[in-house]
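whatever this is, show me its structure:
(chains A and B)
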Protein chains: 2
Amino acid sequence: MERRFHTVGIAGLGLIGGSLALALQRLGGIAVHGYDLDGDTLEAAVHAGAITRANEGLGECDLVVVALYPGAAVHFVEEHIAELRPGTVVADFCGIKRFPCAVLEPLCRARGLYYLGAHPMAGKEISGFAAADANLFRGASLILTPTEETDPAALAAFQELCREVGFGRLVRSTPEGHDRIIAYTSQLAHILSSAYIQNPLSSDFSGFTGGSFQDLTRVARMNGEMWAELFERNRDMLIEQIDELTLKLGEYRQALENEDSRALWALMEQGTAIKNRLLAGASDPKWEEV
Amino acid sequence: MERRFHTVGIAGLGLIGGSLALALQRLGGIAVHGYDLDGDTLEAAVHAGAITRANEGLGECDLVVVALYPGAAVHFVEEHIAELRPGTVVADFCGIKRFPCAVLEPLCRARGLYYLGAHPMAGKEISGFAAADANLFRGASLILTPTEETDPAALAAFQELCREVGFGRLVRSTPEGHDRIIAYTSQLAHILSSAYIQNPLSSDFSGFTGGSFQDLTRVARMNGEMWAELFERNRDMLIEQIDELTLKLGEYRQALENEDSRALWALMEQGTAIKNRLLAGASDPKWEEV
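Here you go, the predicted structure:
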């Protein structure tokens, strides 16, 4: 199958956008035009051979991937939409999907552009172009959130390119389905790690903790700017998740308070059963694998 | 320094006791007498060369390590104390320390035995002698909880043996200090992992989660029998920890509810600062390193 995309614009050359630029360059035959507000980042990206043009040439792109925080992503498209040729595919890589999809889809459609919502399930504990890595997406999942308005040919071509870039698994959800799941698997996990480490005892035990403590606090170091925006734009679903977890913790507390071994045991058994099911790789009926 | 212990009894040949037996055999020059209620376990331990005698010879031991659940550990010592020679060192490896110390220390003292409380910070997600490993303790921490009654020479000799077995770090605390910290670093971590995975959404996303989800749920598979006892015998401190965490989660919830970005950001900053401090290996004034 011949590639549809020959010139790709990338807005935001941080960890995600920078890694995508490097991965595309490695494929060969694709010109990458990079956009970033930070001059040093642009320079580094040119120097690394990740981009061929800096902050120009958007009109020549047949695909533009926006790898910015949600508000900035929408702002970038609004600001540059007049430069884009009709028929260009515009994909955003934001970590929440309801907000960008709701704004960008009608905006793009009105200008004859094809919008796609996507979320690469890849990251590192450090950010910025310096952390970019052509292998970042290798084996990772990409969640796509097409709607009834999505152009099937644009989606197919984009998926093809994502496979070339190294993504190991492409799955489809709705913007709502994505945001609900991500509130749990990613956002709540980060809040939990951060809340757990903020304990008066946390300075009392440096060094001698088992693996469970290390695992729980691995992601406690957070990019506050990015996460605050992601959390706030998904606050309804995130609050639901915090409440859900608080209730469950309350069940453990109640079992302890009541000295009810049977209840305590039953709670652990439930968790063990779910973990075993996940380890066995139970298939998932609600997500459509591409 | 010449070794004080030449014949070591081990009660309970599960993951911990079995690993200790294998590690002691590897040192050479030490006879290991193993005790276990399960015949197959004893047979496997003899077959593996981990123990030289099975369920006998306790009177010849100069050190007895009890690697059983807390209630069973106390029961074992009570049942066998008449067989032990005066001067024998009795150490327990329970994951909580107030309960065994309170019972075993006076019991041993009355019989001319030297009691030591210890907690090896090592484990695996599987249990039983089949999972035992002579390298399990290599580099791990051992928490010791001596009291005013502890015999200094017995403690020094035991510490020496533990270093030979491979422990990388020996630290001292009080039984109370140990139980408070362990309620947080280990017990709460396990409850959190178990509570987090028990989510109505947990069957909706198999396979495509980032590392944060995997980290948080690694220890969700729990040995309910062991943990229920450890939790219940530490319930006061564990309930305190659950309350502490629930309060902190409530702060995140409140910041989201109020759409207070500044508060949300500040919470994340606090967590990040603590994590950075831990990564920098800040020293710990409250724990006395041996």
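
and the residue in the stretch 1-150 of chain A that chain B sits nearest to, how many neighbours?
Closest to chain B within the stretch 1-150 of chain A is residue A:141: 3.6 Å, counting by Cβ to the nearest Cβ. C-betas here are computed from N, CA, C, even on glycine. For residue A:141, the count of nearby residues is 21 (other Cβ atoms under 10 Å in any protein chain shown).

and residue A:283, what's its pLDDT?
Among the per-residue scores, residue A:283 shows a pLDDT of 48.

rewinding a little: how close does the residue of the stretch 1-150 of chain A closest to chain B get to residue A:122?
Here residue A:141 is placed at a distance of 8 Å from residue A:122 (Cβ to Cβ, to the nearest Å).

okay, strands next: where are they in the stretch 151-290 of chain A?
A:169-172, A:288-289 (DSSP state E, counting those that start in this stretch).

the longest one packs against which elements?
Think strand A:169-172. Contact analysis of strand A:169-172 by 3 or more Cβ pairs under 8 Å, 6 or more residues apart in numbering or on different chains; DSSP states H and E lists strand A:141-144, helix A:152-165, strand A:288-289 as its packing neighbours.

deepest of these, which one?
A comparison of those by mean neighbour count, using mean count of other Cβ atoms under 10 Å in any protein chain shown, puts strand A:141-144 on top with a mean of 23.

can you name the residues that contact residue A:135?
Residue A:135 makes contact with A:23, A:166 under the criterion Cβ atoms under 8 Å, 6 or more residues apart in numbering or on different chains.

check whether the longest helix that chain A contains comes near chain B.
Counting by DSSP state H, the longest helix found in chain A is helix A:235-257. Yes - using Cβ under 8 Å from any Cβ of the partner chain, we find that helix A:235-257 touches chain B at A:235, A:238-239, A:241-246, A:248-253, A:256-257.

can you list the weak-confidence ranges in the stretch 101-250 of chain A?
A:203-209 (pLDDT under 70).

try 50
Applying pLDDT under 50 to the stretch 101-250 of chain A flags residues A:207.

now do the helices in it.
Counting by DSSP state H, counting those that start in this stretch, the stretch 101-250 of chain A has helices at residues A:152-165, A:175-182, A:189-197, A:211-217, A:224-232, A:235-257.

residue B:263: which of these is closest?
Closest approach to residue B:263 among the helices of the stretch 101-250 of chain A is made by helix A:224-232 (9.6 Å; Cβ to Cβ).

check which helices and strands the closest one sits against.
By 3+ Cβ pairs under 8 Å, 6+ apart, helix A:224-232 packs against helix A:70-80, helix B:261-279.

quick one, the last one and helix B:235-257 angle?
Spelled out, that is helix B:261-279. Relative orientation of helix B:261-279 versus helix B:235-257 (axes from the mean of the first three to the mean of the last three Cα atoms, to 10 degrees): 140 degrees.

is residue A:222 in contact with residue B:266, as I believe?
No - assessed by Cβ atoms under 8 Å, residue A:222 is found out of contact with residue B:266, at 12.0 Å.

who has more neighbours out of these two?
A direct count of neighbours by other Cβ under 10 Å for residue A:222 and residue B:266 places residue A:222 higher, at 21 against 14.
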